[in-house]
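>>> I would like to see how this sequence folds:
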Amino acid sequence: TEHDDRVGGRGFSGRRKKGRGPFRGKMYSEMNHRSRNRGGPGVRARLEEDDGDVPMSEAHDGPRNRYLPYGPRPNRTANIHITVRRDLPTPERSSSTSRDGGRRNWFKITIPYGKKYDKSWLLSSIQNLCSVPFTPVEFHYDHNRAQFYVEDATTASALKQVSRKITDRDNYKVVIVINSSAPPQSLQNELKPEEIEQLKLCMSKRYDGSQRALDLKSLRVDPDLVSQSIDVVLNQRSCMLVVLRIIEDNIPELQSLNLSSNKLYRLDDLSELAQKAAGLKILDLSRNEVGAILGSPHPFHVLPGPSHPALLQLKSDRELDKVKGLKLEELWLDGNPLCDAFRDQSTYISSVRERFPKLLRLDGHELPPPIAFDVEAPTTLPPCKGSYFGSDDLKVLVLRFLQQYYSIYDSSDRQGLLDAYHDGACCSLSIPFGPQNPPRNSLNEYFKDSRNVKKLKDPTMRFKLLKHTRLNVVAFLNELPKTQHDINSFMVDICAQTNTLLCFAVHGIFKEVDGKSRDSVRAFTRMFIAVPAGNTGLCIVNDELFVRNATTEEIRKAFLMPAPTPSSSPVPTLSAEQQEMLAAFSMQSGMNLEWSQK
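Numbers count the residues shown, from 1 in each chain. Model (predicted):
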């Protein structure tokens with residue numbers, strides 16, 4: 001197995017440790033005792049069956065109850081979760097009955113440290129390797145984890161097989177943990193289609209188009225909904241998600257939203273509001289229960305002590321973080337328990353404004369103008385300017401060199417490149433990691449020679465992968481996959497120039513023409529350092545090649561135009577004897593006639 005410092009696995013000692021650490025496992029004797037009492041298989045057999053599972057239990061995975069310093073201590077073993085085994089049993093607690101009467105088994109998928117990954121990259125990477133298509137339900141980030149739900153055991157089993165098969169840009173394995181679960185909240189107490197239509201009508205009556213304002217104050221007791229016996233409880237995730245979906249589909253231009261007096265306890269379900277209504281400027285959350293201790297009839301009636309203000313402020317800060325993606329100019333929070341968490345008004349204003357730097361009004365009070373030092377970034381990147389040569393003479397010299405170089409490089413034999421390199425030339429290949437790259441096995445032919453110094457720390461291997469002398473360089477290039485370069489895709493930049501040295505970079509597209517990766521399209525960047533050779537030639541002293549998979553846009557644009565036919569310079573007429581000598585030299589050296597004649 002591969003070692004991953006981030007997730008506790010079988011490599012941890014079986015000795016039980018005290019404390020509230022996020023990863024704890026049961027003692028060997030404890031597990032064995034349980035197996036004997038149940039008549040199940042022994043520990044060894046269970047471990048062999050549970051091939052590759054990762055035990056995971058985190059202090060945050062249970063119900064989000066308020067910490068009561070003088071209440072009863074919970075059973076510590078309740079924090080231990082065992083991932084589903086290969087046969088993926090489905091306990092009663094993970095089953096639910098849908099509105100149509102069918103049984104549904106649910107599983108929670110957890111990616112530890114998944115918050116650092118982009119959602120689209122993470123899900124597409126998992127789907128690329130998963131043997132069955134899946135629909136993630138309720139994808140969200142919980143602290144530093146990414147989580148979502150899937151509905152059936154077959155999908156959960158397929159997702160389990162993907163664990164540790166994805167490598168991120170920092171060369172860590174992406175771990176996927178499976179746990180049987182109750183149905184996601186968004187599917188509990190689901191609104192029926194006809195109820196959703198009535199909710200749309202109700203929201204349309206509450207929408208002011210001239211102000212782009214939606215008033216959902218005390219929505220549960222709206223007369224139109226009550227008369228239809230429709231219970232819309234916005235502190236239930238299923239109802240809030242329906243409301244957000246209606247906003248996204250019908251009024252994405254929304255600028256003002258009133259959610260006051262809806263008994264909202266947490267702001268988790270509003271975390272996607274910034275994506276649903278990007279132009280929202282006014283948000284009213286007044287007279288809710290944000291920051292209250294769930295399960296306590298008196299949210300902030302706790303024993304006094306120096307630690308409590310800090311505890312409460314941490315709680316409120318965490319709630320505000322969930323909606324800090326909004327570019328709000330006006331916010332209402334008065335009437336929420338979280339307002340009592342701050343020791344004074346200035347701390348309250350400072351904490352809120354830290355999350356909403358453009359805020360002008362808080363709870364109806366004008367705030368001093370924000371002091372902004374940063375310059376807002378432009379919304380679009382400047383267009384690419386194309387190649388840069390510095391002068392027409394350099395342009396002719398470099399383009400002629402590249403035309404000759406890649407005509408040989410794309411041929412069946414690259415031995416003809418010997419004359420292009422200096423006797424003491426150096427060459428290296430590097431494969432950069434990036435979130436846009438598919439699984440690394442698609443670049444297997446290159447990875448064995450990759451000298452990515454960010455990942456490669458062994459100095460011996462660094463030296464070994466650096467090719468020295470022109471013979472070794474050309475021999476190495478001959479081992480790389482056969483290619484066809486799209487000359488029309490080339491972008492050339494002259495980096496530095498002196499009388500005795502020329503440094504330039506080439507960016508472009510090529511495809512492989514044989515082997516397992518035939519027709520695979522790659523992108524490359526090549527950095528050449530060259531010195532003058534003869535009167536009009538170049539000789540390479542340093543060659544750095546970077547290869548990656550081409551993006552979808554690069555693939556779409558590649559090889560649309562035929563490569564231009566190079567315009568040859570006038571060649572002096574050779575006698576018959578000279579032509580025979582030229583042909584013999586070309587055959588012996590492996591160079592084509594043009595290079596042999598130089």
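>>> how about the strands of the stretch 251-400 of the chain, start to end?
Taking DSSP state E, counting those that start in this stretch to define them, one finds strands in the stretch 251-400 of the chain at 256-258, 282-284, 330-332, 361-362, 365-366.
>>> which stretches of this structure have low pLDDT?
By pLDDT under 70, the low-scoring segments of the chain are 1-104, 185-189, 291-317, 371-379, 433-441, 562-580, 582-598.
>>> per-domain residue ranges of it.
Following automatic domain parsing, one gets these domains for the chain: 28-185, 193-296+305-366, 392-567, 571-598.
>>> other SSEs contacting the longest strand along the chain?
Of all the segments of type strand in the chain, defined by DSSP state E, the longest one is strand 483-497. In terms of contact count using 3 or more CB pairs under 8 Å, 6 or more residues apart in numbering; DSSP states H and E, strand 483-497 is assigned the packing partners helix 392-409, strand 502-512. C-betas here are computed from N, CA, C, even on glycine.
>>> winner for burial among those?
Compared across the helices and strands packed on strand 483-497, strand 502-512 shows the largest average neighbour count, a mean of 20 (mean count of other CB atoms under 10 Å).
>>> not counting sequence-adjacent ones, nearest residue to residue 279?
Leaving aside its sequence neighbours, residue 279 sits nearest to residue 255 (CB to CB, 6 or more residues apart in numbering; 5.6 Å).
>>> number of nearby residues for the one you found?
A total of 15 residues lie near residue 255 under the criterion other CB atoms under 10 Å.
>>> now the one 5 residues further on
Burial of residue 260, expressed as a neighbour count using other CB under 10 Å, amounts to 19.
>>> measure it to residue 335 for me?
Plainly put, residue 260 is 8 Å away from residue 335 if you go by CB to CB, to the nearest Å.
>>> check residue 500 too.
Computed as CB to CB, the residue 500 to residue 335 distance reads 76 Å.
>>> tell me which of those two has more neighbours.
Relative neighbour count places residue 335 above the other of residue 500 and residue 335, with 15 against 7, counting by other CB under 10 Å.
>>> wait, the more buried one sits on residue 290?
No: between residue 335 and residue 290 there is no contact, the gap being 9.3 Å when judged by CB atoms under 8 Å.
>>> surely residue 520 and residue 510 touch.
No: no contact is recorded between residue 520 and residue 510 when judged using CB under 8 Å, the distance being 9.6 Å.
>>> can you give me the helices in the stretch 151-300 of the chain?
Remark: helices assigned in the stretch 151-300 of the chain by DSSP state H, counting those that start in this stretch are 153-160, 193-205, 223-227, 237-250, 273-276.
>>> residue 338 and residue 370, how far apart?
When CB to CB is the yardstick, residue 338 and residue 370 sit 22 Å from each other.
>>> give me the more crowded residue out of those two.
Using other CB under 10 Å, the more surrounded residue of residue 338 and residue 370 is residue 338, with 27 against 12.
>>> surely that one is in contact with residue 322?
No: proximity of residue 338 to residue 322 does not meet the contact threshold set by CB under 8 Å, at 12.0 Å.
>>> quick check: the nearest residue to residue 326 once chain neighbours are set aside vs residue 116, distance?
Of all residues not flanking residue 326 in the chain, residue 274 sits nearest, at 5.1 Å (CB to CB, 6+ apart). The span separating residue 274 from residue 116 equals 19 Å under the rule CB to CB.
>>> same thing with residue 276?
Using CB to CB, one gets 24 Å for the distance from residue 276 to residue 116.
>>> neighbour count winner among the two?
Comparing residue 276 with residue 116 by other CB under 10 Å, the one with more neighbours is residue 276, at 18 against 14.
>>> any idea how far the residue lying closest to residue 213 once chain neighbours are set aside lies from residue 477?
Nearest residue to residue 213, sequence neighbours excluded (CB to CB, 6+ apart): residue 256, at 3.7 Å. Summarising the geometry, the distance separating residue 256 from residue 477, computed by CB to CB, is 63 Å.
>>> residue 517 too?
For residue 517, the distance to residue 477 equals 17 Å [CB to CB].
>>> doesn't residue 318 make contact with residue 266?
No: at 9.2 Å, residue 266 and residue 318 do not qualify as touching, with contact defined as CB under 8 Å.
>>> of the two, which one has the most company?
Neighbour count, other CB under 10 Å: between residue 266 and residue 318, residue 266 has more, with 19 against 14.
>>> and the nearest residue to the more buried one once chain neighbours are set aside, how many neighbours?
Spatial nearest neighbour of residue 266, chain neighbours left out: residue 319 (6.3 Å); criterion: CB to CB, 6+ apart. Close neighbours of residue 319, defined as other CB under 10 Å, add up to 21.
>>> so residue 319 sits against residue 267, correct?
Yes: between residue 319 and residue 267 a contact is recorded at 4.9 Å, counting by CB under 8 Å.
>>> please enumerate the shared neighbours of those two.
Counting by CB atoms under 8 Å, 6 or more residues apart in numbering, the shared contacts of residue 319 and residue 267 are residue 290.
>>> span of stretch 451-459 from start to end?
11 Å (CA to CA, to the nearest Å).
>>> which outside residues touch that stretch?
The list of residues contacting stretch 451-459 from outside it, by CB under 8 Å, 6+ apart, reads 171, 428-433, 450, 462, 465-466.
>>> buried ones in it?
The neighbour-count check on stretch 451-459 (16 or more other CB atoms under 10 Å) flags 451-452 as buried.
>>> and the gap between the closest residue to residue 173 other than its chain neighbours and residue 147?
Nearest in space to residue 173, with sequence neighbours left out and distances taken as CB to CB, 6+ apart, is residue 164 at 4.3 Å. The spacing between residue 164 and residue 147, counted by CB to CB, is 18 Å.
>>> who has more neighbours, those two?
For the pair residue 164 and residue 147, the greater number of neighbours falls to residue 147 (21 against 18), based on other CB under 10 Å.
>>> so who does the more buried one touch?
Residue 147 is in contact with 108-111, 114, 138-141, counting by CB under 8 Å, 6+ apart.
>>> assumed it was part of a helix.
No: judged by DSSP: H, G, I helix; E, B strand; the rest coil, residue 147 forms no part of a helix; its state is strand.
>>> what bridges to it?
Residue 147 forms beta bridges with residue 110, residue 140, as assigned by DSSP bridges.
>>> if anything else comes up later, I'll come back, but that's it for now.
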